[in-house]
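> sequence first, then the predicted structure:
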Amino acid sequence: TNLRLTAQQGNKRRLDWMLADLRNTSIIEQSFEYSTVFKRVASVAPGILSWIDSKPRQKVTTYRIKDCKESCSAWSEVTYLP
């Protein structure tokens with residue numbers, strides 16, 4: 001999915017990715033401080049290839065994303081290190 005994480009103005013974080021099929025929904029989850037427990041933070045409509053975390057914490061944060069239609073892909077992950 002070529003998942004990328006970039007810092008944005010105002011301490012926000014932006015995730016960008018690519019999909020092989022733009023008809024798929026993207027599911028985004030996050031965890032903190034290297035936890036293996038993830039929480040869903042967004043489901044992104046088909047055709048949307050970015051998401052902004054407008055409430056980031058100043059902690060190590062791992063984001064993961066998968067795309068789903070009839071079935072889901074494997075997770076792609078990226079970690080923010082403060």
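Sure, I can see it.
> going forward, measure contacts and count neighbours with C-alpha atoms only.
OK.
> kindly export whichever strand or helix holds Val78 (C-alpha atoms) in CSV.
Under the criterion of DSSP states H and E, Val78 resides in strand 76-80. Extracted in CSV, the C-alpha atoms of strand 76-80 (Å, rounded to 0.1, in the frame of the first residue of the first chain):
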residue,chain,number,x,y,z
SER,A,76,0.5,-2.2,6.4
GLU,A,77,2.1,-0.4,9.4
VAL,A,78,4.0,2.8,10.0
THR,A,79,5.3,4.1,13.4
TYR,A,80,5.6,7.7,14.6
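> against Thr79, how distant is Ser73?
As judged by Cα to Cα, to the nearest Å, Ser73 and Thr79 stand 19 Å apart.
> settle it for me: which of these two has more neighbours?
Neighbours per residue (other Cα atoms under 10 Å) separate Ser73 from Thr79, with Thr79 holding more: 17 against 12.
> wouldn't the more buried one be in contact with Ile65 here?
No: with contact defined as Cα atoms under 8 Å, Thr79 does not count as touching Ile65 (11.8 Å).
> distance between the ends of stretch 11-23?
Length of stretch 11-23, first residue to last, Cα to Cα: 31 Å.
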